[in-house]
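Undergrad: make a model of this:
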Amino acid sequence: MFFHISEVFTVSDKLNQNNEINEVNEDEIDVYTLVDEDGVETDFEFIYSLELDGNTYVAFSPIDQDENSDEEEYVVFRVSTDEEGNEVYDNIEDDDEFDKVSDAFEDALWSELDLDEGSEDEE
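TA: Numbers count the residues shown, from 1 in each chain. From the prediction side, this is the model:
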């Protein structure tokens, strides 16, 4: 299974287009509408990207997550290009590759959280 980008927008941009909100939110998020091979569109928030073993990987968080959940769910894709040169997000089928990439994302995200908390402590 693969996904390609249908649309990229910020939440406030999308809401402004629908005249549902007139002010810009300081905490805008970039939303990627990904379309799977069956044409089903799903909105994701971009979380992080990294390079590992010559490949680029991206992590997205589904916009429609359960708000009552204590844990944030995210999905990881390998970035490739199709025959037309468009960026495509592939599911990672190999368990070893998936484990390695997931561990790398966990390390990177926890490291970034630690850095953010450290800078808040200094203020």
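
Undergrad: quick one: list the elements packing against the longest strand anywhere in the chain.
TA: Longest strand of the chain, by residue count under DSSP state E: strand 41-52. With contacts taken as 3 or more C-beta pairs under 8 Å, 6 or more residues apart in numbering; DSSP states H and E, strand 41-52 sits against strand 30-36, strand 55-62, helix 95-122. Placement of C-beta: from N, CA and C, glycine included.

Undergrad: buried ones in it?
TA: Going by neighbour count (16 or more other C-beta atoms under 10 Å), the buried part of strand 41-52 is Thr42, Asp43, Phe44, Glu45, Ile47, Tyr48, Leu50.

Undergrad: and Gly85, how many residues sit next to it?
TA: For Gly85, the count of nearby residues is 6 (other C-beta atoms under 10 Å).

Undergrad: can you lay out the buried residues of strand 41-52 as JSON lines showing pLDDT and distance to Asn86?
TA: Converted to JSON lines, these look like this (pLDDT from 0 to 100; distance: C-beta to C-beta, whole Å):
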{"residue": "Thr42", "pLDDT": "85", "distance to Asn86": "17"}
{"residue": "Asp43", "pLDDT": "86", "distance to Asn86": "19"}
{"residue": "Phe44", "pLDDT": "87", "distance to Asn86": "17"}
{"residue": "Glu45", "pLDDT": "88", "distance to Asn86": "21"}
{"residue": "Ile47", "pLDDT": "86", "distance to Asn86": "21"}
{"residue": "Tyr48", "pLDDT": "86", "distance to Asn86": "22"}
{"residue": "Leu50", "pLDDT": "92", "distance to Asn86": "21"}
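
Undergrad: indicate which one of the helices and strands packed on strand 41-52 is closest to Thr81.
TA: The closest of those to Thr81 is strand 55-62. By C-beta to C-beta, the value is 10.6 Å.
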